[in-house]
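Peer 1: build me a model:
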Amino acid sequence: MTTDERLLIRLSNQEQQSLVDLYDRYCMLLWKISYRTVADNAICEEILRQVFQDVWAKPSDFNNGKKLSTLLIECCQSKLNLLTLQKSS
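Peer 2: This is a model prediction of the structure:
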């Protein structure tokens, strides 16, 4: 079992420390992706908050056979795309 698989099990069990561990593991990756798109610290913080909130609320959505990092990146990009659409309308 991989570290990410164990982490998802812990998230499913609502272990608070698992969210901290997830954040520590993936925060910088998601921050860099967000910052490349928006270059605004406050917006990046909000995007990351939403991503980690989504994982905490529904960890099963992040356990579908793809790598956890891939799913987190997709979630982050989805939120960035939504933000871009909102700004352009």
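
Peer 1: next structured bit after the helix with the most length in the chain?
Peer 2: Counting residues, the longest helix found in the chain (DSSP state H) is helix 16-38. Downstream of helix 16-38, the first helix or strand assigned by DSSP states H and E is helix 41-57.

Peer 1: ok, residues contacting that following helix?
Peer 2: Helix 41-57 is contacted by residues 11, 19, 22-23, 27, 30-31, 34-35, 38, 61-62, 72, 75-76, 79-80, 83 when judged by CB atoms under 8 Å, 6 or more residues apart in numbering. Quick note: C-beta positions are derived from backbone N, CA and C, even for glycine.

Peer 1: picking up where we left off before, buried sites along the longest helix of the chain?
Peer 2: Buried residues in helix 16-38, counted by 16 or more other CB atoms under 10 Å: 18, 19, 21, 22, 23, 26, 30, 31, 33, 34, 37, 38.

Peer 1: next one: stretch 5-15
Peer 2: Neighbour-count burial for stretch 5-15 [16+ other CB under 10 Å]: 7, 8, 10, 11.

Peer 1: the closest residue to the last one other than its chain neighbours: neighbouring residues, count only.
Peer 2: Okay, so that is residue 11. Nearest non-adjacent residue to residue 11, counting by CB to CB, 6 or more residues apart in numbering: residue 59, 3.9 Å away. The local packing of residue 59 (other CB atoms under 10 Å) involves 21 other residues.
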